[in-house]
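Undergrad: return a 3D structure for these sequence lines:
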Amino acid sequence: MALRRLYPEPGEVAVEDALAGLRLDERAPDGRPYVVDNMVSTADGRAAIDGHAGPIGDALDRALFLRLRTQADCILVGAGTLRAERYGHLVRDPELRAARVAEGLEPEPLACVLTRSLHVPWDTSLWTDPDSRVALYTSSPNNPPPCPANVTVHRMAEAELTVDRVLRSLRADHGIRSVLCEGGPTVNRQLLEAQALDELFLSVEPKLAGGGNGPTIVGAPPLSKPSRLELVSIHEGNGALFLRYRAPADG
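TA: Below is the predicted model:
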């Protein structure tokens, strides 16, 4: 599969080359990992259809979604997205695992899950595959059920279970220098409020969903101030736009 690069230098680029060699870990600030967010939306701004992001994209969007997982030490996801999309083992394809190794990363990324209640689908391969590695951050006093995955539990008081503290723990306790956040909107909002979102990869699909109350890529309530982004690149494929933005250091 190939993409048309529209900006900064027009041309054609293969999917595997469009998201390769990003070296996100080299951008890590002091005390926390470098954080990029990957989201998809319809042309009218909806981030989910019938409660799921999957129906918005197509095969090309899916390929880019998986390829971006070859660029980060850790995949961060909130409990709501974990339940809605039923996350499984993060990188199964041998080609993608080899791509991670070629980038200087572990074959399997660390999954970071934020859940206050421990109400997550424990029957998915994220938890049942012994190759899966998970850092579980929770304020629940309960313990997760026994599972074959390698799970490290970090328990925090409810008021202290914030994304900025989780990011600092990922750096200090797991040596994580780059994080790919895959949502959902609530986590995205927390990252923006904490000024901890460094980049946004946004796929805008040529679909209209309607539904004014449907979720957007950033959850309610409104941010205290709009967050300005700088355009890094634009690719096009199958009528969809694949945008990369960077958050200025001053917010």
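
Undergrad: list the contacts for residue 245?
TA: Neighbouring residues of residue 245 by CB atoms under 8 Å, 6 or more residues apart in numbering: 199-202, 229-232. Heads up, the C-betas are built off the backbone N, CA and C, glycines and all.

Undergrad: oh, I was asking about residue 139
TA: 116, 155-158, 160-161.

Undergrad: swap in 10 Å and give it another go.
TA: Taking CB atoms under 10 Å, 6 or more residues apart in numbering, we find residue 139 in contact with 114-118, 155-161.

Undergrad: how about the helices in the stretch 101-250 of the chain?
TA: 125-128, 163-174, 185-193 (DSSP state H, counting those that start in this stretch).

Undergrad: helices or strands next to the second one in the packing?
TA: When contacts are defined as 3 or more CB pairs under 10 Å, 6 or more residues apart in numbering; DSSP states H and E, helix 163-174 sits against strand 34-42, strand 74-78, strand 110-114, strand 133-138, strand 150-155, strand 178-181, helix 185-193.

Undergrad: again, only this time at 7 Å
TA: strand 110-114, strand 133-138, helix 185-193 (3 or more CB pairs under 7 Å, 6 or more residues apart in numbering; DSSP states H and E).

Undergrad: next: the last one.
TA: The helices and strands touching helix 185-193, judged by 3+ CB pairs under 7 Å, 6+ apart, are strand 34-42, helix 163-174, strand 178-181.

Undergrad: name the residues that touch that helix?
TA: Identification of contacts with helix 185-193 by CB atoms under 7 Å, 6 or more residues apart in numbering yields 35, 37, 47, 78, 80, 114, 162-163, 181, 197, 215-219, 223-224, 227.

Undergrad: what about 6 Å?
TA: Under the criterion CB atoms under 6 Å, 6 or more residues apart in numbering, residues 37, 78, 163, 197, 215, 217-219, 223, 227 lie in contact with helix 185-193.

Undergrad: on that earlier part again, out of the helices and strands packed on helix 185-193, which is closest to residue 96?
TA: strand 178-181 (13.1 Å; CB to CB).

Undergrad: pull the CA atoms of that closest one into PDB?
TA: What follows is strand 178-181, C-alpha atoms only, in PDB (Å, rounded to 0.1, in the frame of the first residue of the first chain):
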ATOM      1  CA  SER A 178       8.200   7.000  24.400                       C
ATOM      2  CA  VAL A 179       4.500   6.400  24.700                       C
ATOM      3  CA  LEU A 180       1.800   6.000  22.100                       C
ATOM      4  CA  CYS A 181      -1.600   6.800  23.500                       C
END
